[in-house]
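[1] Give me a 3D structure for the following:
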Amino acid sequence: HVIKNIQWITGNSFTVERGQQQIEAAISTWEVHERWLHWSEFLQEEELKDSTRYHYRVCWSVPTRRKPIPRATASVYFVIEISKIKPATSPVEIFFTLESSRLIHRLEQCQFREKWLKDIIENKIILMERL
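    Prediction:
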């Protein structure tokens, strides 16, 4: 699965805001029902030996007329990595993980599934009902 029509930014043209715009552009290609709403935020910058990582969170929910404040949300965490080894003109790398999962997905190589969001929310609601 390849995300088409998105011009990935290069390391030398990266800003936190442009990174967030890239994430929003990628999300817009996902096949998610229009009832799902989301908001995104920048979390932190992380300096590593060979790269700099920028962490973001996108929080998803399904508000309804009866329940405008959803019982649970699902977060998807993104990392934009800029290599200190590759040329500054190289495109950034974008990864994401789902809340409650350690599996790291490469954005351009993974087809996002709406079911993942549903599963996170259903599991949270089940847990809340048990407590």
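[2] excluding its backbone neighbours, what's nearest F112?
    Closest residue in space to F112, ignoring its immediate chain neighbours: W30 at 4.3 Å, by CB to CB, 6 or more residues apart in numbering. (Each C-beta comes from the backbone N, C-alpha and C, glycine too.)
[3] Can you give me the neighbour number for the one you found?
    Using other CB atoms under 10 Å, W30 is surrounded by 15 other residues.
[4] Now do the same for it: helix, strand or coil?
    Under DSSP: H, G, I helix; E, B strand; the rest coil, the three-state class of W30 is coil.
[5] what about it, distance to C110?
    Note on W30: its distance to C110, by CB to CB, to the nearest Å, is 10 Å.
[6] And the lengthiest helix in the chain, what's buried?
    If you go by DSSP state H, the chain has its longest helix at helix 114-130. Going by neighbour count (16 or more other CB atoms under 10 Å), the buried part of helix 114-130 is 116-117, 120-121, 124.
[7] What helices and strands are in contact with that helix?
    Helix 114-130 is packed against strand 74-83, with contacts defined by 3 or more CB pairs under 8 Å, 6 or more residues apart in numbering; DSSP states H and E.
[8] what comes into contact with the strand it packs on?
    Applying CB atoms under 8 Å, 6 or more residues apart in numbering, the contact partners of strand 74-83 are 11, 14, 19, 22-23, 43, 50-61, 90, 92-99, 107, 116-117, 120-121, 124.
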